[in-house]
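A.B. asks: Attaching a predicted model along with its sequence, questions to come.
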Amino acid sequence: MAKKAKRSERAKDTWNNISGIMTVYGNTFEDRKGRDYISWSATVGKKNDDDEYDNYYFRVRFAKDANAPETDGLHQIDVQSAFISLETYTKKKQEITVPVIVIVEDEVLDDEAPKKTKKSSKKSKDEDEEDEDDEDDLPF
């Protein structure tokens, strides 16, 4: 009979102790009572064989004492403690269960969400030269 491999301490804590820098995105919605709330999400992605990205979105919840960003939009946070849980909701009379990242302790690294700006189709000569330089700096 084969022996069972022992799980390392790290493997035991994999789903219970998540930490590190995370980018979260918040959308503002209105509930049925007319109150605004922010729904948070994060994504992980991987390039597939067709050079396209496969993305998976996680819902993100902030525990009562966690430091959720105050505005919607894109934010960088430093997560000291988080875990993955499951959340069930009903859609069209069908129960759906999805994974959720629950942030217990964190620090918001940016105070404001980046401002959304419309890109102008007109660029100055200097901007065109900067864009050409940026292409050389890409990590892939």
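C.D. replies: The structure has been received and is ready for your questions.

A.B. asks: ok, longest strand in the protein?
C.D. replies: Looking only at the chain and at elements set by DSSP state E, the strand with the highest residue count is strand 73-91.

A.B. asks: How many neighbouring residues does residue 34 have?
C.D. replies: Neighbours of residue 34 under the rule other Cβ atoms under 10 Å: 6. (C-beta placed from N, C-alpha, C; glycine too.)

A.B. asks: After the helix-or-strand element of the chain with minimal mean pLDDT, which helix or strand is next?
C.D. replies: One helix or strand of the chain scores below all others by mean pLDDT, DSSP states H and E: helix 9-13, with a mean of 45. From helix 9-13 onward toward the C-terminus, using DSSP states H and E, the following helix or strand is strand 18-30.

A.B. asks: Send me the helix or strand just after that following strand as CSV with only the CA atoms.
C.D. replies: Past strand 18-30, further along toward the C-terminus, the next helix or strand under DSSP H and E is strand 36-47. As requested, C-alpha coordinates have been extracted for strand 36-47 and formatted as CSV (Å, rounded to 0.1, in the frame of the first residue of the first chain):
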residue,chain,number,x,y,z
ASP,A,36,-25.2,53.3,-3.4
TYR,A,37,-22.7,50.5,-2.7
ILE,A,38,-19.4,49.5,-4.3
SER,A,39,-19.0,46.0,-5.7
TRP,A,40,-15.3,44.9,-5.7
SER,A,41,-13.6,42.4,-8.0
ALA,A,42,-10.1,41.2,-8.9
THR,A,43,-8.9,39.2,-11.9
VAL,A,44,-6.2,36.7,-12.8
GLY,A,45,-5.3,35.9,-16.3
LYS,A,46,-3.1,33.7,-18.4
LYS,A,47,-2.1,33.9,-22.1
